[in-house]
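**Student:** following is a predicted model, sequence given first.
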Amino acid sequence: MTELSSLESLWEAVQNTFKQTITGPTYENVVAPAKADSLSNHQLTVVVPTEYHLDWWQRSLNTQLKHILREQTGQDIEPRYVLTKNLINKSTTTSTTAATPTFQEQTPLNPEYTFETFVEGRSNQFAYASAYAASEQPGGLYNPLLIYGGVGLGKTHLMQAIANNMLIHNPNAKIKYVTSENFMNDYINSIKNRTQEEFRREYRDLDALLVDDVQFLASKNETELEFFNTFNVLHDNSKQIVLTADQNPKEIPNLTERLVSRFVWGLTVEITSPGLETRIAILNRKAEEENIQGVPSEVLNYIATKINTNVRELEGALMRVRVYAQLHNTPITTAIAAEALQGIGDAPTTALTIDLIQKKVANFYGITQADITGKKRVKTIVIPRQIAMYLSRELTDNSLPKIGKEFGGKDHTTVLHAIDKIEKQLQADSQLQNDIKNLKAALTP
Ligand SMILES: Nc1ncnc2c1ncn2[C@@H]1O[C@H](COP(=O)(O)OP(=O)(O)OP(=O)(O)O)[C@@H](O)[C@H]1O
């Protein structure tokens with residue numbers, strides 16, 4: 001059997017196995033469109049058409065895939081998911097030419113990581129402006145530029161935006177983007193294969209070197225020294241160096257002093273978690289980019305409130321809501337979003353219980369909790385009951401059936417109906433808007 005056909009038959013077996021447990025639209029929409037691209041070094045590259053497929057595979061199918069691969073091959077194989085467009089762009093986005101088999105496959109730049117697609121806000125303004133300036137005048141004042149901050153806040157995006165902008169000005173610019181782990185592996189391989197000359201050419205004959213996650217260099221003494229030398233050569237030749245780290249380099253434990261001092265030579269900028277408005281703006285942009293139409297602003301608001309730190313998770317949450325609504329063949333509403341995002345993110349009020357919501361709402365409207373959970377159909381009780389259901393959905397992680405149960409054993413469709421009704425009424429009824437605002441303020445101090 002040729003290598004290609006063995007990969008094909010492996011993937012066919014994988015998909016057939018998935019088919020036994022996942023049927024219907026999930027199989028057709030999510031599993032079937034994925035293709036195996038290559039298998040080497042115990043790593044299977046799986047190509048998927050969109051970001052939401054990527055999200056779905058990573059979050060929900062990865063463990064099962066690993067299990068199936070182990071069953072099929074008897075080996076531990078690590079899946080890696082790549083978007084079709086990135087695979088296609090791989091050979092065209094960077095222009096370093098000296099690659100030899102000694103080195104990691106060139107990590108492609110993501111063509112979508114540009115300054116235009118980056119949403120500016122207070123949390124990243126300075127980093128954005130510095131990155132832009134560095135890309136306009138590489139090797140100038142901001143050399144090196146080091147961007148640091150928590151997970152998923154856009155460090156890689158800004159770093160690659162620098163490279164993409166440099167390539168617009170000079171399509172022949174030699175730019176290399178790697179993680180510090182790639183750098184270390186390349187260095188180790190070059191020692192093993194006695195190709196240090198090539199290694200040095202690869203890393204020093206550049207217009208810009210971008211290294212992600214430099215904190216991993218800490219405690220790797222030989223790699224640190226090699227990186228120090230690489231850095232000096234590039235810097236002496238006024239070539240741009242861009243680095244990212246998960247914290248201020250001065251605080252990275254076990255990073256040698258000489259590297260720390262080099263890293264902070266140019267400009268060190270921090271990215272922090274975006275505020276609510278920026279998170280909503282990011283979601284709006286993402287919805288536009290992914291062609292997700294008709295997402296009501298309260299749903300974006302809901303997602304942005306629920307996921308309040310990491311932008312990658314924020315985007316993942318939007319994709320998840322979209323897939324969930326697609327699979328259930330229903331429009332995207334706050335109730336659907338809450339259902340799709342159950343257990344994800346830091347709900348601002350996870351400690352809040354349905355019981356407490358019922359008590360507060362009853363008190364607010366001058367009725368009893370028994371009225372809220374009871375069956376009386378008079379308007380003065382029905383509306384507070386529906387509001388309490390609506391708030392239970394919005395402010396807690398409980399599922400519709402669980403809420404129904406807590407409201408005197410009602411069916412989940414009754415809860416859904418109540419939520420829909422309140423959502424619709426909220427659009428036009430300013431009194432209701434006010435009541436809900438006050439109730440939320442009382443419930444989420
Ligand atoms: N301000 C922003 N505007 C638009 N997209 C953003 C913004 N911040 C982050 N993103 C998006 O969030 C995702 C995660 O960003 P990125 O990979 O750059 O984070 P990171 O800080 O490098 O994280 P890590 O530390 O995990 O490597 C990317 O899809 C990126 O495009």
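**Tutor:** Yep, it's here.

**Student:** spell out which parts of the stretch 51-200 of the chain neighbour the ligand.
**Tutor:** Within the stretch 51-200 of the chain, the residues that sit near the ligand (CB under 6 Å from any ligand atom) are 113, 118-119, 124, 151-157. For glycine as for every other residue, the C-beta is placed from the backbone atoms N, C-alpha and C.

**Student:** need those residues in TSV with neighbour count and secondary structure, can you?
**Tutor:** What follows is those, written out as TSV (neighbours: other CB atoms under 10 Å; DSSP: H, G, I helix; E, B strand; the rest coil):
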residue	neighbour count	secondary structure
Y113	19	coil
F118	19	coil
V119	19	coil
N124	27	coil
V151	11	coil
G152	17	coil
L153	24	coil
G154	24	coil
K155	27	helix
T156	19	helix
H157	24	helix
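
**Student:** just the closest of those residues to N164, please.
**Tutor:** Using CB to CB, Y113 comes nearest to N164 of those, at 6.4 Å.

**Student:** pretty sure that closest one is touching N165, no?
**Tutor:** No - in this structure, Y113 is not within contact of N165 by CB atoms under 8 Å, at 10.2 Å.

**Student:** tell me, how many residues neighbour A338?
**Tutor:** 25 (other CB atoms under 10 Å).

**Student:** do a quick rundown of the helices in the stretch 251-400 of the chain.
**Tutor:** Counting by DSSP state H, counting those that start in this stretch, the stretch 251-400 of the chain has helices at residues 257-263, 276-289, 297-306, 311-327, 334-340, 354-365, 369-373, 379-395, 400-406.

**Student:** run the chain-centre distance for the third one.
**Tutor:** The reference is to helix 297-306. 16 Å (CA atoms, centre = their mean, to the nearest Å).

**Student:** looking at that helix now, give me its mean pLDDT.
**Tutor:** The average pLDDT within helix 297-306 is 93.

**Student:** which secondary element of the protein has the worst mean pLDDT?
**Tutor:** helix 84-93 (a mean of 52; mean pLDDT, DSSP states H and E).

**Student:** and whatever helix or strand comes next after it, how far out from the chain middle?
**Tutor:** Proceeding N to C from helix 84-93, the next assigned helix or strand is helix 125-136, under DSSP states H and E. Centroid displacement of helix 125-136 relative to its chain, using CA atoms, centre = their mean, is 22 Å.

**Student:** try stretch 429-437
**Tutor:** 34 Å.

**Student:** so L83 is in contact with D55, correct?
**Tutor:** No - if you go by CB under 8 Å, L83 and D55 don't touch, sitting 11.0 Å apart.

**Student:** looking at the two, which one has more neighbours?
**Tutor:** The residue with more neighbours, out of L83 and D55, is D55; 22 against 17, by other CB under 10 Å.

**Student:** buried set for the strand or helix carrying that one?
**Tutor:** Assigned by DSSP H and E, D55 belongs to helix 51-56. Residues of helix 51-56 classed as buried by neighbour count (16 or more other CB atoms under 10 Å): 51-56.

**Student:** nearest to V269 among these?
**Tutor:** Out of the buried residues of helix 51-56, the member with the shortest distance to V269 (by CB to CB) is E51, at 27.0 Å.

**Student:** same question for the helix or strand following the helix holding D55, mean pLDDT?
**Tutor:** Using DSSP H and E, the next helix or strand after helix 51-56 towards the C-terminus is helix 62-73. Across helix 62-73, the average pLDDT comes to 86.

**Student:** what about S261, how many residues nearby?
**Tutor:** A count of nearby residues for S261, using other CB under 10 Å, gives 11.

**Student:** any figure for the gap between the most centrally placed residue in the chain and V264?
**Tutor:** The structure's the chain has its C-alpha centroid closest to R312; by CA atoms, centre = their mean the separation is 2.0 Å. Counting by CB to CB, to the nearest Å, the gap from R312 to V264 is 27 Å.

**Student:** what do you get for K359?
**Tutor:** On the measure of CB to CB, K359 and V264 end up 54 Å apart.

**Student:** what do you get for K35?
**Tutor:** According to CB to CB, K35 stands 45 Å off from V264.

**Student:** kindly report the same for Y302.
**Tutor:** 40 Å.

**Student:** these two: which is more packed in?
**Tutor:** Neighbours were counted for Y302 and for V264 using other CB under 10 Å; Y302 has more, 21 against 14.

**Student:** so the residue nearest to the centre of the chain sits right up against G150, yeah?
**Tutor:** No - shown here, R312 and G150 do not form a contact pair, counting by CB under 8 Å, at 10.7 Å.

**Student:** before we move on, the earlier item: with distance to V242 added, can I get the helices of the stretch 251-400 of the chain in a markdown table?
**Tutor:** Below are the helices of the stretch 251-400 of the chain laid out as a markdown table (distance: least, CB to CB, whole Å):
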| stretch | distance to V242 |
| --- | --- |
| helix 257-263 | 11 |
| helix 276-289 | 22 |
| helix 297-306 | 29 |
| helix 311-327 | 19 |
| helix 334-340 | 36 |
| helix 354-365 | 49 |
| helix 369-373 | 57 |
| helix 379-395 | 41 |
| helix 400-406 | 47 |
